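> predicted model, plus sequence, below.
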Amino acid sequence: MPKRILVGTITSDKMDKSVTVLVERKVKHPLYGKIIRRSKKYHAHDENNTHKMGETVRIEETKPISKTKTWRVLDTVQASKGVAVEADIDVEAAAGSTT
């Protein structure tokens, strides 16, 4: 059976080798049809205490590590804000075809 992988934000890193990750999901209300946010907190294992509060991380389900920890942090999700991507568009050809 494949392991579940979730993406969430670290809300607490005060524990040793552990972090609390807030995972949000969007569901449709059964009667009204409005999209609402549901959230749940998971305790995840962070072996080297490398992840800090506010980071977006991926967590993977694993065998129980302690009473509340059954997840471990895989890696940090890199946001793509501020990254410029060059478009490969021929501007001269587009300008010449308008005449």
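Happy to help now that I have it. Numbers count the residues shown, from 1 in each chain.

> check what pLDDT V19 gets.
For V19, the pLDDT comes out at 97.

> was I right about it contacting I10?
Yes. Using CB atoms under 8 Å, V19 makes contact with I10 at a distance of 5.0 Å. C-beta: built from backbone N, CA, C; applies to glycine.

> higher neighbour count, the two?
Neighbours were counted for V19 and for I10 using other CB atoms under 10 Å; V19 has more, 28 against 21.

> OK, contacts around the more buried one?
Applying CB atoms under 8 Å, 6 or more residues apart in numbering, we find V19 in contact with 10, 12-13, 43-44, 46, 51, 57, 73.

> same thing but at 7 Å, please
10, 12-13, 44, 46, 51, 73 (CB atoms under 7 Å, 6 or more residues apart in numbering).

> which one of those is nearest to R4?
A44 (12.3 Å; CB to CB).

> residues near that closest one, how many?
27.

> hmm, M53 is touching I10, no?
Yes. Counting by CB atoms under 7 Å, M53 touches I10, with 5.4 Å between them.

> returning to that earlier point: give me the common contacts of V19 and I10.
H51.

> so how far is H43 from G54?
17 Å (CB to CB, to the nearest Å).

> what does R25 give?
From R25 to H43 the distance is 18 Å (CB to CB).

> please identify which of the two sits among more neighbours.
Neighbour count, other CB under 10 Å: between R25 and H43, H43 has more, with 18 against 11.

> return the backbone torsion pair for the more buried one.
Note on H43: its backbone torsions stand at phi -90, psi 130 [degrees, to the nearest 10].

> please apply the same query to T11.
When quoted as degrees, to the nearest 10, the phi and psi of T11 stand at phi -100, psi -20.
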